[in-house]
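Novice: this one's sequence-less:
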């Protein structure tokens, strides 16, 4: 596939395309959406972005059954739990994924912006931007679309999540948007997929170690992310109105 830098599409045409995609594929089962995205709509032009987090095995397993060579982008922020890195390696081997691309922040930029490793507590939005948003922007530049594992039940900010949506330069596909927690657990059990080791320790949503804490029974599943900081998203899913290039 030729390397290219994605360019923003005019608002009206992209909105019409998103509406058409949701009309044709939006109500299909997750595996059918994923198969269509990989083989019909964006063949050779789409990547799957995975955190290898609490529920990631479901989407990765579905994708591996369609095409184990699908490009999978993993953002190693340099602040992840060791358990996450080990889980990534476990799933790669278990599912036979052959094109997992680990990307991360620019070392010089991090040394200049975060020499003491404390930026997460002083300016968490800036920390996420440097450690996650910018590396992902570079990794996704050759692609037209990318696949996410987001679901509507995960947070109030995701309650209206469509299966197909667009940011400034890419189309995003969320095949599991309509799935609930029970469906995810049932799928993991049905296919005997390994769970992230931190789930059993009270982490239903897992990000960087300094910004993730256990969640008490009854709390929102994402309550342990950036606890007490008034922050709910890392920035890679910023609305198109808030970006000038790929989720910047």
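Specialist: Yep, that arrived. Worth saying up front: this structure is predicted, and the values here are computed from it rather than measured.
Novice: can you give me the helices for this protein?
Specialist: Taking DSSP state H to define them, one finds helices in the chain at 11-25, 30-36, 56-66, 82-95, 107-113, 119-122, 124-128, 134-140, 181-190.
Novice: which strands and helices lie in contact with the longest one?
Specialist: Spelled out, it's helix 11-25. In terms of contacts (3 or more CB pairs under 8 Å, 6 or more residues apart in numbering; DSSP states H and E), helix 11-25 is packed against helix 30-36, strand 164-166, strand 171-173. The way it works is simple: take the backbone N, C-alpha and C, and place the C-beta from them, glycine included.
Novice: closest to residue 209 out of the helices of the chain?
Specialist: helix 82-95 (8.5 Å; CB to CB).
Novice: packing partners of the closest one?
Specialist: Here helix 82-95 touches helix 56-66, strand 100-103, going by 3+ CB pairs under 8 Å, 6+ apart.
Novice: helix 82-95 and the first one, what's the angle between them?
Specialist: What that stands for is helix 56-66. Relative orientation of helix 56-66 versus helix 82-95 (axes from the mean of the first three to the mean of the last three CA atoms, to 10 degrees): 20 degrees.
Novice: wait, residue 21 touches residue 41, no?
Specialist: Yes: between residue 21 and residue 41 a contact is recorded at 6.9 Å, counting by CB atoms under 8 Å.
Novice: how much space between residue 46 and residue 39?
Specialist: Distance, residue 46 to residue 39, by CB to CB, to the nearest Å: 10 Å.
Novice: looking at the two, which one has more neighbours?
Specialist: Set residue 46 next to residue 39 and count neighbours by other CB atoms under 10 Å: residue 46 wins out with 22 against 13.
Novice: ok, for the more buried one, nearest residue in space, not its chain neighbours?
Specialist: Spatial nearest neighbour of residue 46, chain neighbours left out: residue 145 (4.5 Å); criterion: CB to CB, 6 or more residues apart in numbering.
Novice: okay, now that neighbour: neighbour count?
Specialist: Neighbours around residue 145, by other CB under 10 Å: 20.
Novice: doesn't residue 170 make contact with it?
Specialist: Yes: using CB under 8 Å, residue 145 is in contact with residue 170, at 5.9 Å.
Novice: what residue ranges in the chain score low on pLDDT?
Specialist: Low-confidence segments of the chain (pLDDT under 70): 1-12, 154-159, 238-248.
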